[in-house]
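Novice: Here is a sequence with its predicted model. Questions after.
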Amino acid sequence: MNKSLVILNPAARGEKASRLEERIQSLSAGMPMRLTSEAGDARSIASEAVRNGVEVIIAAGGDGTLNEVVNGIGTAPVRIGILPVGTMNVFATEIGIPQGNLENAWRIIESGRVIEVDLPQANDTRFVQLAGVGLDAEVVRKTSTDSKKALGPLSYLLTLVQVAAAKPSRVILSDGSGRIYEGSFALIGNGRLYGGPFPVFKRASMYDGLLDVLVFQNQSHWDVLRYFQAIAFGAHADLPDVEYFQTPSLSVWSDGEVPVELDGEVAGMLPCSFSIESHKLSVLAP
C-alpha cells in the first residue's frame, strides 16, 4: 500500500512489545511504523502523517489508540485500518475484525474494502464507538494503567465495585427535540456493542446519523448488578428505571463534578454536547 503508516501502541514493554513489533513488520512487509510511548502520541503522529501525505493509517492498539488516530487525521481523506492488539477492541468487534489473529486482521486491511461509518463527537473531540457519562467514566478515570496491564478487562470490574458505592451526582440530558431526561449515569453509543460482545444498544446503526442513548436512574451496588444481569439477557431497555432513545444531538450537564469518557479514555467533565459529524470515517473492514 502506497503512502501508508502503522501506528503501534505497545501496551506491554520489553521483549513482548518487540515480538509484537516484529510480527507486524513481517505482515506489513516493512511498512513504515511509529510506536507510541504515552497518551496523545498516536494523535500527534497521525496528524503529522496527514501533513506528509499518508493515505492509509493502520491503528495497532485498542479503542483508545484508534480514537487518537481518528482525532489526529481531522477531515483528511485517510483510510483507517485496525490491528486489534489493545486491552479493549470493541470497535473492531463491532465491524467484524477478528480478535487474536493478526494474520486475518491484516488480510482485511490488504483487501482494501472500505466502509463509511458515522463519526460522533463530544464537544470538539471525536469518538468512534461509545461515550460514557458518570459511572463508567469514573471507573475509567480510577482504573490504573498498571491494573489494566495486569488484569485486562477485569481491572474495570474491580474498580466498578468501589465506584458504585459512592452517591452519584444527578445527570441531566436534553435530546435533539428538547426533551429532558434525568439519571445517575448514561451511555451514548454509535454502534451496538459496549464493553466487548454485549449488544447494549439494540437499535443502533453506524450508518443512521443517530446517537443511541441509555439513561440509568440508579447506581447502588444492587442496581448496577441488576442492570448487568438485564444486559446479559438483553432486557435492560425494558427496565422501568432505564430509558433508551435515539437522537441526532444531545446536551448533558450536572450540578456536580461528572466525568466523560470517549472510547475508554477520560475526555473531560460535564457539560458536554454530542452530535454526528457530516464527515464520515473511512475504515478498512470485512
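Specialist: Yes, it's here.
Novice: Help me confirm that residue 160 is found in a strand?
Specialist: No. Counting by DSSP: H, G, I helix; E, B strand; the rest coil, residue 160 is not part of a strand but helix.
Novice: so it sits right up against residue 137, yeah?
Specialist: No. Counting by CB atoms under 8 Å, residue 160 sits too far from residue 137 to count as a contact (11.7 Å). C-betas here are computed from N, CA, C, even on glycine.
Novice: Can you pick out the residue with more neighbours from these two?
Specialist: Ranked by neighbour count (other CB atoms under 10 Å), residue 160 and residue 137 place residue 137 first, with 27 against 19.
Novice: Contacts only, for that one.
Specialist: With contact set as CB atoms under 8 Å, 6 or more residues apart in numbering, residue 137 has these partners: 185, 258, 259, 260, 261, 266.
Novice: Also residue 75?
Specialist: Here residue 75 is in contact with residue 279 (CB under 8 Å, 6+ apart).
Novice: Could you do the one 4 residues further on as well?
Specialist: Contacts for residue 79 were tallied using CB under 8 Å, 6+ apart; they are 55, 56, 57, 114, 282, 283, 284.
Novice: how much space is there between the fourth one and residue 283?
Specialist: Read it as residue 114. Note on residue 114: its distance to residue 283, by CB to CB, to the nearest Å, is 7 Å.
Novice: next one: the first one
Specialist: Residue 55 sits 14 Å away from residue 283 when distances are taken as CB to CB.
Novice: Can you give the contact residues for stretch 279-286?
Specialist: 56, 70, 75, 77-82, 95-97, 108-109, 111-119, 128.
Novice: Off-centre distance for that stretch?
Specialist: 15 Å (CA atoms, centre = their mean, to the nearest Å).
Novice: cool, stretch 254-274 as well?
Specialist: Computed by CA atoms, centre = their mean, the chain-centroid distance of stretch 254-274 equals 14 Å.
Novice: Okay, buried residues for it please.
Specialist: Within stretch 254-274, the residues scored as buried using 16 or more other CB atoms under 10 Å are 254, 258-267, 270, 272, 274.
Novice: where in the stretch 151-286 of the chain is pLDDT low?
Specialist: For the stretch 151-286 of the chain, no stretch is flagged by pLDDT under 70.
Novice: Show me where it has its strands.
Specialist: Taking DSSP state E, counting those that start in this stretch as the criterion, the stretch 151-286 of the chain carries its strands at 171-175, 180-183, 185-189, 193-194, 198-199, 211-216, 242-247, 249-254, 259-262, 265-269, 272-276, 281-284.
Novice: Would you indicate which residues of stretch 225-240 are buried?
Specialist: Using 16+ other CB under 10 Å as the test for burial, stretch 225-240 gives 226, 227, 231, 236, 237, 239.
Novice: So what's the residue count around the residue nearest to residue 10 when sequence neighbours are not counted?
Specialist: Leaving aside its sequence neighbours, residue 10 sits nearest to residue 17 (CB to CB, 6 or more residues apart in numbering; 3.6 Å). Neighbour count of residue 17, defined by other CB under 10 Å: 15.
Novice: Most neighbours out of the contacts of residue 79, which is it?
Specialist: Neighbour tally across the contacts of residue 79 (other CB under 10 Å): the maximum, 27 neighbours, falls on residue 57.
Novice: Who does that one form a beta bridge with?
Specialist: Counting by DSSP bridges, residue 57 is bridged to residue 5, residue 80.
Novice: Was I right to think residue 152 contacts residue 87?
Specialist: Yes. Using CB under 8 Å, residue 152 is in contact with residue 87, at 5.7 Å.
Novice: When these two are compared, which one has more neighbours?
Specialist: residue 87 (18 against 12).
Novice: residues in contact with that one?
Specialist: 11, 62, 148, 149, 152, 153.
Novice: measure the last one to residue 139 for me?
Specialist: When you say that, I think you mean residue 153. From residue 153 to residue 139 the distance is 11 Å (CB to CB).
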